[in-house]
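In: Provided below for reference: sequence and predicted model.
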Amino acid sequence: MDTGVDRDLKAKIRLLEADVQQYTRDIEDLTKARDSKAAQLEELKRQLRSRHHQPNAGGSRSATGINYQLDSFDWDRALLRMSKDVLGIEKFRLCQRGCVVSCSLGRGC
């Protein structure tokens, strides 16, 4: 037996269910839009970082003026000697020297 109160409650339930479904669709659309903007943001950040880490037209110098991998430093021999004595490293691997030099200058890898 369906009373008037039951019909009113069922009508309110249908309206609220429709609202919840619409909110779910809205959230999905907003999530897609947010993800798209986040991807664009990361790409722009990547482009900016790459601009500051690419060599200039002059060759071995980076945009910061120092190529930690290729430039010569006063402490090169001492660094390699210490690496041999302490770590047993006879020769640096690719980018290893640059990372050590950069860290030695307090700039990190």
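Out: Perfect, thanks for sending it.
In: Run through the neighbouring helices and strands of whatever helix or strand L48 lives in.
Out: Here L48, judged by DSSP states H and E, is contained in helix 4-51. Applying 3 or more C-beta pairs under 8 Å, 6 or more residues apart in numbering; DSSP states H and E, we find helix 4-51 packed against no helix or strand. Every C-beta, even on glycine, is put in place using the N, C-alpha and C of the backbone.
In: Please compute how far it lies from its chain's middle.
Out: On the basis of C-alpha atoms, centre = their mean, to the nearest Å, helix 4-51 sits 25 Å off its chain's mean C-alpha point.
In: Quick check: the gap between M82 and L44.
Out: 41 Å (C-beta to C-beta, to the nearest Å).
In: gap between M1 and R7?
Out: 11 Å.
In: So which of M82 and L44 has more stuff around it?
Out: Just comparing M82 and L44: by other C-beta atoms under 10 Å the higher neighbour count belongs to M82, 13 against 10.
In: buried ones in the host helix or strand of that one?
Out: Assigned by DSSP H and E, M82 falls within helix 76-82. If you call a residue buried by 16 or more other C-beta atoms under 10 Å, then helix 76-82 has these buried ones: L79, L80.
In: Output the contacting helices and strands for it.
Out: Applying 3+ C-beta pairs under 8 Å, 6+ apart, one finds that helix 76-82 contacts helix 96-104.
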